[in-house]
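Engineer: How does the following fold in three dimensions:
(4 chains, ligands or ions: 6)
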Amino acid sequence: MDVDLKIRIGSMEMKNPVTVASGTFGYGPEYAELVDLNRLGAITVKGIGPMETLGNPTPRTFETRGGMLNAIGLPGPGAEGFIKKYIPFLKQYDVPVIVNIWGKAMEDYGTVVEMLDGEDTVSAYEINLSCPNVKEGGSAFGTDTDSFSRVVELVRGKTQKPIIPKLAPNVPDLGKFAKAAEDCGADAISIMNTMPAMAIDIETLEPELANRTGGLSGPAIKPIAIKLVWDAAKATNLPIIGMGGIFEPEDAIEFMLAGASAVAVGTANFSDPSTIVRVIDGIEGYLIKKGHGSAADIVGMVKA
Amino acid sequence: MDVDLKIRIGSMEMKNPVTVASGTFGYGPEYAELVDLNRLGAITVKGIGPMETLGNPTPRTFETRGGMLNAIGLPGPGAEGFIKKYIPFLKQYDVPVIVNIWGKAMEDYGTVVEMLDGEDTVSAYEINLSCPNVKEGGSAFGTDTDSFSRVVELVRGKTQKPIIPKLAPNVPDLGKFAKAAEDCGADAISIMNTMPAMAIDIETLEPELANRTGGLSGPAIKPIAIKLVWDAAKATNLPIIGMGGIFEPEDAIEFMLAGASAVAVGTANFSDPSTIVRVIDGIEGYLIKKGHGSAADIVGMVKA
Amino acid sequence: MMKQEKATVAGHDNFQGEYRILRLAAPAVGSLVRPGQFLELMVPRLGERILRRPFSIYKADAQGVSILYKTVGRGTDAMRAIKPGDKVDIVGPLGNGFPTLGSGKVPVLVAGGYGNAALYLKAKESPAKGIAFFGGRTAQDILCVEEFEALGWDVRPTTDDGSLGTKGLVTAAFDPWMAEQENIQALELFVCGPNPMLKAMGDRAIEHGFTAWLSMDKNMACGVGACLTCVIKRRTETGWEWARCCKDGPVFESREIIWER
Amino acid sequence: MMKQEKATVAGHDNFQGEYRILRLAAPAVGSLVRPGQFLELMVPRLGERILRRPFSIYKADAQGVSILYKTVGRGTDAMRAIKPGDKVDIVGPLGNGFPTLGSGKVPVLVAGGYGNAALYLKAKESPAKGIAFFGGRTAQDILCVEEFEALGWDVRPTTDDGSLGTKGLVTAAFDPWMAEQENIQALELFVCGPNPMLKAMGDRAIEHGFTAWLSMDKNMACGVGACLTCVIKRRTETGWEWARCCKDGPVFESREIIWER
Ligand SMILES: Cc1cc2nc3c(=O)[nH]c(=O)nc-3n(C[C@H](O)[C@H](O)[C@H](O)COP(=O)(O)OP(=O)(O)OC[C@H]3O[C@@H](n4cnc5c(N)ncnc54)[C@H](O)[C@@H]3O)c2cc1C
Ligand SMILES: Cc1cc2nc3c(=O)[nH]c(=O)nc-3n(C[C@H](O)[C@H](O)[C@H](O)COP(=O)(O)OP(=O)(O)OC[C@H]3O[C@@H](n4cnc5c(N)ncnc54)[C@H](O)[C@@H]3O)c2cc1C
Ligand SMILES: Cc1cc2nc3c(=O)[nH]c(=O)nc-3n(C[C@H](O)[C@H](O)[C@H](O)COP(=O)(O)O)c2cc1C
Ligand SMILES: Cc1cc2nc3c(=O)[nH]c(=O)nc-3n(C[C@H](O)[C@H](O)[C@H](O)COP(=O)(O)O)c2cc1C
Ligand code: FES
Ligand code: FES
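Structural biologist: Residues are numbered from 1 along each chain as shown, chains lettered A, B, ... in the order given. Ligands and ions are numbered 1, 2, ... in the order given. Just a heads-up that it's a prediction; the model follows:
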C-alpha cells in the first residue's frame, strides 16, 4: 500500500511531516554524517539573528530527570554569516530549509528576513517569539498578544515565504496566540519552545546554568506540549508543527492526533541521532497499519 | 549540634519545613500506618469544597516519563463531611492541619472557610486557585490577577487564620501573582500546582484521561517549579511553600535555596511513602553538614 | 495493617507460559496477609517511570510473599531483570481481601489470568472445598491446577482454543454446571480475572440470587486510598458513590457495583 | 567521519583502582579512530537521564574500541551493570584528536586520570617516543604505566601522597625536568587531564615558547557540534570566538585558549 506522507505549509512542500527542532540540529552539516538529510521533511536551523552573536557563558546545559535545561542563548553567525557559511552546504540537498529567526528589538525580525529573503534555499521562516534565554525580546514578545501580533505582521510584510511563529508555552491561554498568528497572516505555528526552568547545585549554591535560568526540553515536557497543540488546534485552522520531547515514533503520532500537521525532533537528536529516520518510518508504518492513505488523515483525529 | 527546623507561617508554627502536597496524602488516615504523622511539619489535606462532590470519571491518572498526569477533579466529602469524618482523626496528632479549599464560584471559597473556621484543628487554608481539572473556577481564578485578588481578599475577610494562595504555573509572570497575594493580605503562597497536560493513546485514539486533559506532576516538572519559586521570591517577602517533583532531600533543599521557606512532598508519596521522613532528616543533615543553625538560614541562599 | 518493606529477592523463575514467579523474603508484609490482598512493588531500575505496580499476593507466610506476573508493559518488562539477592521495595498487604465463606454456603472459585494466583490463598483457607472454574486462552494460561487440586478443589478448566478442558470462555463450563445446581442461592463465588469475566459472573449472581465476590482490576497510583485514582461506582441507598478499589476493595460483592463501559 | 553503531559488549572488567574497562565490538567506529578522539555512549537502562556520556577512546582497531571509565555520577554508575553480550549504542569517533608530531619536535605526554587512556593511541602512533608525566592522587590512579613503557616511553609518575614516583602534582616532576632541557622550544606536549593540569601546562607552554596540545574536558550534550554546549573561548585576530570542544576540539593548542574561571 502506498501512503502519502506529504505535508504542505503555505508554499513549502515537505515530503514527510518530520523536521528538526531549531537549535538541536545545528545548521545542517553537524549531523550530515549520521543522518541522511534528504530523508527529512525539512531542516530547521538554529536561530539566526541580524548579526553575529555570542550567546551565553557556560555551563549552558544541564540534564534533569527526563529532560534537560539549556541556556545556549542564541549564539550564531548572523544572517550574513549564515548565508556565507551554510547556504552552499544546504543547497546540495533536496530538502526545504526553515530558518528560525530572532531579534532583540522588534525591527531585528524584519532585518533578518530582508537579509535572507533573496536566498532560494530558504523556504520558510520560523519566528522565535519564545526563547526563554535572552533578556531582550525573545519570550517577552511571545507572552503578550499585542507585541506578538506586531512582530508577526512585521515579518509578514517583508516576505512571501511561509512564516511560522513559534509559541511560548508559559501562557494561560495559548489559543489566543494561535488565533492572533492566523489573523496576522501566518502560514503555520510551531508549538512549543522550551519551558522556563532552573536547577541549583546544592553544594556550591550556584545555579547549574551560567545564565541562572534556562529552558526545559525533552520527554518531561511532552504531555505539556500535547495539551498546547490540542488547545491551539481548537483555536485555529493553521497547520501546527508540534514538538516537545519526541523521542519515539509513537510520540510523533500522538502530536499528530492532537492536531499537529508536522512534528519536530529536538533533544532526541542528542540522545539518538537515528530518531528522525525512525520517526519518519514509524509514522509511515502506523498509517499503513491503520489503513490511512495519507499523513494528513490522522491530524487532529483524537476522540476528544 | 542542634539545628532549629521550625518555620512559621503567620500564626502557624511548623516543627519542620516539610508538609505534603494537597491531594497526594488523602485526609490523613491513608498513610498513617506507613508514616509517623507526628513527624510532619504540617498535614495538607485534599481539596475541600463547600459540598460533597464526585470529581471526574475514570481513568483519572496516567504515568508519563518522569511524571504523572492526574485529573482527579476534586471529589470529596465537602466541608461538613470533612469535619465529621476526618477532624476527630486529625485531632489526635500534634501537627498543624492545612486545609486546601476550592470553589466553583467565587463565593464558594468564602463558604468553605465559614464552615471550617470554628474548628481549632484547622490551622491554615491553602487556597487552590489553580486546579487544571475542574471546568468552573479552579485555574481560571489563578491565571487572572483580578479574580485572583478578589478570591484572596474574600477569604482574608472570613478568617484570622493564615491563608496561602496556591499559584498556577502557566502564567508568563508569576511575580505579579505573588505580589497580588501579598497585597491582599495572604500569609504565604504555595508554588506550584500541576501543569496543564495531556496524553493520547495512539491505538484507541482516546485521551488517556477520561477528563481528556489533566495536570502534570512529579520529577519532570521540578525545574519549572524551582524557576517559579525563584521568580516569586524576588517579587514578594511572603514565605513560599515550594513543591513540584520533590522525591529526594536534595530536591527539597534546592527549593529552599531558590527561596521556599517550606516544601511539600506530593507525587513522591505514591512512589515511596518514606519520602517525607527522609526529606525531613535530609534537610537536617544538610544544615548540620553546612554549619547552619536553622532551616531559615538557607532560604533563598542561591547565588544568583 | 500495612507495611513498607525492603524485601530481598529469594527467587525469580519462569513459572508457566508467560508467567514468572517472584519470591520475596519479606517477613513484615508476609505475616499480615489475608487472602485476596495485594502489594505495590517499586520496580527497580525503572528510572523514568515513577509509580509502583500492584500485584496480587499468590502465597504468603511469616518469611515472605510471592507473586506471579506476566510482562505486559514497561514495568513488568523491567521486572524481568530482577535477580535473587536484589532488594525490592514493597508496600503491603493492601486492600480488603476476600471475606470468609458464609455459613452453609457452597464455595466456587472463578479465575482467569493472574486471578488464579490471587485465589490460591483463598482456596487454601476455605473450610469447605468445592469447584474451581479457571479460564484462559490456551492450556499455558491456566495456572496452578495441580496446586488447587492438591488442596482438594475440583478444577474445571476452559480454554479459548480447547487445548485444555472445555472450549470457550469460563461461562461455557460454569453455565451448564450452574443449571444443574439445586440450591443456586447457596453458591458463594470468589472471582478474580479480567473485567468481562467479573461482569459475567456478577450478572449471573444478580440474576440467580447467589453471592459473588469480585476482585476488581483498576489502574492504581498510590494503592493506599489517598489519590482517588482507582475508583468504581458503588451503589448507595440514594444513588452511588465512588469506592476505591485499593482501599475499599479490590473485593466487592456483585450488587455493590455499578458497571461502566 | 563518524558513525552511530550498536556495539556488542565484548568485555567489561575492573581495570585498576576505581577504573573499569569496557571493550566493545564496534567495527564501524573502531576502524575510523585517530588518537585523542572520543565517543558518546548511550548508557543502557538510564531511563530518566536522556543524554549520552563522552569517553576517550583508549584502544581501537578494526574490530572495535575500548574505554576506561570511573564512576562519578548516575550515568557511570549505571554503566557498571553492563554485561558482556549487551548492546551499547555509541556515536564516534568524535573530535579532532591530536595532530601528528611536528618534525624535529620532542614529544612529551602529560596526563592525569582518564587522560592516560586518552593518550595511549597517541603514544603508540608517535614516531618518536619520549617522556610521559602521569599524575594521580595515589598509585592506584596512575593507569597503564607498563603499557606505555612497553611502547618505549619513559614514564614519570607523580602522586599526591607519594605512593608512586614523585610526591606532588605532575608539575613537581615536570618543572625540574623542563629546567634541564636545552631546547625547550622543541618540546611538543600532548596533555589530557583535569582542567588545572591543562592550564598549568598551557601556561608553561606560553611562558617558555613550546607547543602544548591540550585535550579540553567540557560537559557535552550532543557531542557532534550541534548544540553549542561545550564551547570554550578561542583567541581570534580581533578578539575571541566560541569553539566547540566536541567538534573543533577537544584538542586545542595552548595559545588558542582563553581560560575562564
Ligand atoms: C489489584 C491488582 C492486582 C494485580 N495482580 C496482578 C498479578 O498478580 N499478576 C499480574 O501479572 N498482574 C497483576 N495486576 C496487573 C498489573 O498491575 C499490571 O500488569 C502492571 O501494573 C502493568 O505494568 P507495566 O508497567 O508493565 O504496564 P504499563 O506499561 O503500565 O501498561 C501496559 C499495558 O498494561 C495495561 N495495564 C496497566 N495496568 C493495568 C492493570 N492494572 N490492569 C490491566 N491492565 C493494565 C495498560 O493499559 C497497557 O495496555 C494486578 C492489578 C491490580 C490492580
Ligand atoms: C571529551 C571527553 C572525554 C572523556 N573521557 C573520559 C574517559 O575516558 N573516562 C572517564 O572516566 N571519563 C571521561 N570523561 C568524563 C565523563 O564523560 C564523565 O565522567 C561522565 O559523563 C559523567 O557521567 P555521570 O552520569 O556518571 O555523572 P553526572 O551525574 O552527570 O555527574 C557527576 C559528576 O561528574 C561531573 N561531570 C559530569 N560530566 C563531566 C565531565 N565531562 N567532566 C568532568 N566532570 C564531569 C559532574 O559535574 C558531577 O559532579 C570524558 C569527558 C569528556 C568531555
Ligand atoms: C540546546 C537547545 C537549543 C535550542 N535553540 C533554539 C533556538 O535557537 N531557537 C528556537 O526557536 N528554539 C530553540 N530550542 C528549542 C527547541 O527548538 C524545541 O522547541 C524544544 O527543545 C522542545 O523540543 P524537544 O523537547 O524535542 O527538544 C533549543 C532547544 C535546545 C535543547
Ligand atoms: C493525584 C493528585 C491530586 C491532587 N489534588 C490536588 C488538590 O486537591 N488540590 C490542590 O491544590 N492540588 C492538588 N494536586 C497538586 C499537588 O498538590 C501538587 O501541587 C503537584 O502535584 C506538584 O507537586 P508534586 O510534583 O510533588 O506532586 C494534586 C496532585 C496529584 C498528583
Ligand atoms: S490507587 Fe490511590 S486511591 Fe486507589
Ligand atoms: S556538545 Fe553539542 S556542540 Fe559540543
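Engineer: Around ligand 4, which positions in chain C sit nearby?
Structural biologist: Contacts of chain C with ligand 4, taken as CB under 6 Å from any ligand atom, map to C:Cys227. All C-beta atoms are positioned from the backbone trio N, CA, C, and that covers glycine.
Engineer: Residue 171: what secondary structure?
Structural biologist: All of this refers to chain A. Classification of A:Val171 using DSSP: H, G, I helix; E, B strand; the rest coil returns coil.
Engineer: try chain C instead
Structural biologist: For C:Thr171, the assignment made with three-state DSSP gives helix.
Engineer: residues in contact with it?
Structural biologist: Listed by CB atoms under 8 Å, 6 or more residues apart in numbering or on different chains, the contact partners of C:Thr171 are C:Ala200.
Engineer: Just give me the longest helix of chain C.
Structural biologist: Identified as the longest helix of chain C according to DSSP state H is helix C:195-208.
Engineer: Which is the succeeding secondary structure element to that one?
Structural biologist: Per DSSP states H and E, the first helix or strand lying C-terminal to helix C:195-208 is strand C:211-215.
Engineer: ok, residues contacting that following strand?
Structural biologist: Counting by CB under 8 Å, 6+ apart, C:36, C:56, C:98-99, C:102, C:105, C:115, C:118, C:187-192, C:198, C:201-202, C:204-205, C:249-254, C:257 sit against strand C:211-215.
Engineer: The residue of the stretch 101-250 of chain A found nearest ligand 3: how many residues sit nearby?
Structural biologist: Nearest residue of the stretch 101-250 of chain A to ligand 3: A:Ser217, at 3.3 Å (CB to the nearest ligand atom). Residue neighbour count, defined by other CB atoms under 10 Å in any protein chain shown, stands at 31 for A:Ser217.
Engineer: Who are the contact partners of it?
Structural biologist: The neighbours of A:Ser217, taking CB under 8 Å, 6+ apart as the test, are A:Ala21, A:Thr24, A:Gly67, A:Met68, A:Asn70, A:Thr194, A:Met195, A:Gly244, A:Gly245, A:Gly266, A:Thr267.
Engineer: ok, which pair from these is furthest apart?
Structural biologist: A:Thr24 and A:Met195 (15.3 Å; CB to CB).
Engineer: Show me which of those two is the more surrounded one.
Structural biologist: A:Met195 (28 against 24).
Engineer: Confirm for me that that one is in contact with A:Leu216.
Structural biologist: Yes: the pair A:Met195 / A:Leu216 is scored as a contact, 4.4 Å apart, by CB atoms under 8 Å.
Engineer: So A:Glu80 versus A:Ile48, what's the distance?
Structural biologist: As judged by CB to CB, to the nearest Å, A:Glu80 and A:Ile48 stand 10 Å apart.
Engineer: So which of the two has more stuff around it?
Structural biologist: Counted by other CB under 10 Å, A:Glu80 and A:Ile48 do not tie: A:Ile48 has more neighbours, with 30 against 14.
Engineer: about what we covered before: identify those among the contacts of strand C:211-215 that sit within strands.
Structural biologist: Applying DSSP state E to the contacts of strand C:211-215, the entries found in strands are C:Ser56, C:Leu187, C:Glu188, C:Leu189, C:Phe190, C:Val191, C:Cys192, C:Val251, C:Phe252, C:Glu253, C:Ile257.
Engineer: can you count the residues close to the fifth one?
Structural biologist: Residues contacting C:Phe190 under the criterion other CB under 10 Å number 28.
Engineer: Okay, and the residue of the stretch 101-250 of chain C found nearest ligand 4 sits in which element?
Structural biologist: Residue of the stretch 101-250 of chain C nearest ligand 4, by CB to the nearest ligand atom: C:Cys227 (4.4 Å). Assigned by DSSP H and E, C:Cys227 belongs to no helix or strand.
Engineer: which element is the nearest residue to it once chain neighbours are set aside on?
Structural biologist: Excluding the flanking residues, the one nearest C:Cys227 by CB to CB, 6 or more residues apart in numbering or on different chains is C:Ala221, at 4.6 Å. For C:Ala221, there is no helix or strand it lies in under DSSP H and E.
Engineer: Could you pull out the buried residues of the longest helix of chain C?
Structural biologist: Neighbour counts over helix C:195-208 (16 or more other CB atoms under 10 Å in any protein chain shown) mark C:Met197, C:Leu198, C:Ala200, C:Met201, C:Gly202, C:Arg204, C:Ala205 as buried.
Engineer: near ligand 5, anything from stretch C:211-218?
Structural biologist: No: Stretch C:211-218 does not reach ligand 5 (CB under 6 Å from any ligand atom); its nearest approach is 7.6 Å.
Engineer: tell me how far that stretch is from the chain's mean position?
Structural biologist: Distance of stretch C:211-218 from the chain centroid (CA atoms, centre = their mean, to the nearest Å) equals 9 Å.
Engineer: Repeat that for stretch A:184-198.
Structural biologist: Computed by CA atoms, centre = their mean, the separation of stretch A:184-198 from the middle of its chain amounts to 7 Å.
Engineer: Between the two ends of that stretch, what distance do you get?
Structural biologist: Stretch A:184-198 has its terminal residues 33 Å apart, counting by CA to CA, to the nearest Å.
Engineer: how about it against chain B, any contact?
Structural biologist: Yes: contact between stretch A:184-198 and chain B, assessed by CB under 8 Å from any CB of the partner chain, occurs at A:Met195, A:Pro196, A:Ala197, A:Met198.
Engineer: And C:Arg49, what's its pLDDT?
Structural biologist: In this model, C:Arg49 is scored at 89, pLDDT.
Engineer: same check, this time on C:Gly135
Structural biologist: The per-residue pLDDT reported for C:Gly135 equals 95.
Engineer: and whatever residue of the stretch 151-300 of chain A ends up closest to ligand 3, what does it touch?
Structural biologist: Residue nearest to ligand 3 within the stretch 151-300 of chain A: A:Gly266 (2.5 Å; CB to the nearest ligand atom). Applying CB under 8 Å, 6+ apart, we find A:Gly266 in contact with A:Val20, A:Ala21, A:Gly23, A:Thr24, A:Ser217, A:Gly218, A:Met243, A:Gly244, A:Gly245, A:Ile246.
Engineer: how about the residue nearest to it when sequence neighbours are not counted, what does it touch?
Structural biologist: Closest residue to A:Gly266 apart from its sequence neighbours, by CB to CB, 6+ apart: A:Ala21 at 3.0 Å. Going by CB under 8 Å, 6+ apart, A:Ala21 touches A:Thr44, A:Ser217, A:Met243, A:Ala264, A:Val265, A:Gly266, A:Thr267.
Engineer: quick check, nearest of these to B:Val277?
Structural biologist: In terms of CB to CB, no member of those lies closer to B:Val277 than A:Ser217, at 33.7 Å.
Engineer: which parts of the longest helix along chain A are buried?
Structural biologist: Using DSSP H to define each element, chain A has its longest helix at helix A:275-290. Of the residues in helix A:275-290, A:Thr275, A:Ile276, A:Val277, A:Arg278, A:Val279, A:Ile280, A:Gly282, A:Ile283, A:Tyr286, A:Leu287 count as buried by neighbour count, 16+ other CB under 10 Å.
Engineer: With stretch C:62-82 instead?
Structural biologist: Neighbour counts using 16+ other CB under 10 Å place C:Gly64, C:Val65, C:Ser66, C:Ile67, C:Leu68, C:Tyr69, C:Arg74, C:Gly75, C:Thr76, C:Ala78, C:Met79, C:Ile82 of stretch C:62-82 among the buried residues.
Engineer: Farthest pair within those residues?
Structural biologist: Longest distance between any two of these is 25.6 Å, between C:Gly64 and C:Arg74; criterion CB to CB.
Engineer: Please identify which residue in chain A comes closest to ligand 4.
Structural biologist: Closest point on chain A to ligand 4, by CB to the nearest ligand atom, is A:Arg65, at 11.1 Å.
Engineer: Surely that residue and B:Gly245 touch.
Structural biologist: Yes: using CB under 8 Å, A:Arg65 makes contact with B:Gly245 at a distance of 7.4 Å.
Engineer: Looking only at neighbour counts, state which of these two leads.
Structural biologist: More neighbours surround B:Gly245 than the other of A:Arg65 and B:Gly245, with 31 against 26 (other CB under 10 Å).
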